[in-house]
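Participant: structure for the following, please:
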Amino acid sequence: MEKPSLEINLPDTHEEGKLYVVDSLNNLNKLNVCPDESQHALDEEENSDGIGENTAGSNIRNQNLFFVTFILTLIISLALVSFVIFLIIQTRSKLDQISSRLIFEKKNIEDLKKMHNMLLKHLNWSGIKE
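Facilitator: Below is the predicted model:
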């Protein structure tokens, strides 16, 4: 049987030589797969600790997002509390108006009862005389 073209017979060399050959094959594969511009990005990523930079940038972004969300939540909460206080004040004002009207109407009803009693007395008195 034929061996696949991707297999390479490595001569018996010590471990460093094998690693060098494998590393060279990986670099050759990267050159064939990636365009020139992305190859520079891959090389820079390998040379520098890209994970730390991405994590730090992501961490700062998450902190900023949390801070903005926290501020927006505070502003919305303040607006809702202000609105509730406004409604409480308006309701109290309306209740005071209704209460004063009820007191006034109660006085009017009492006055009408007095007038009614006076009229009944007058009618009864005039009815008795006749």
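Participant: what's the longest helix in the chain?
Facilitator: Ranked by residue count under DSSP state H, the longest helix found in the chain is helix 50-129.
Participant: what is the rounded mean pLDDT of that helix?
Facilitator: In this model, helix 50-129 has an average pLDDT of 89.
Participant: can we start the residue count at 148 from this point?
Facilitator: Yes, from this point I'll number from 148; that puts the last item at helix 197-276.
Participant: in terms of secondary structure, what does that helix contact?
Facilitator: If contacts are counted by 3 or more CB pairs under 8 Å, 6 or more residues apart in numbering; DSSP states H and E, helix 197-276 sits against no helix or strand. Yep, even glycine has a C-beta here, placed from its N, CA and C like the rest.
Participant: could you report the neighbour count for residue 174?
Facilitator: Neighbourhood size, residue 174 [other CB atoms under 10 Å]: 13.
Participant: list the contacts for it?
Facilitator: With CB atoms under 8 Å, 6 or more residues apart in numbering as the criterion, no residue contacts residue 174.
Participant: mind pulling up the pLDDT for it?
Facilitator: Residue 174 is assigned a predicted lDDT (pLDDT) of 75.
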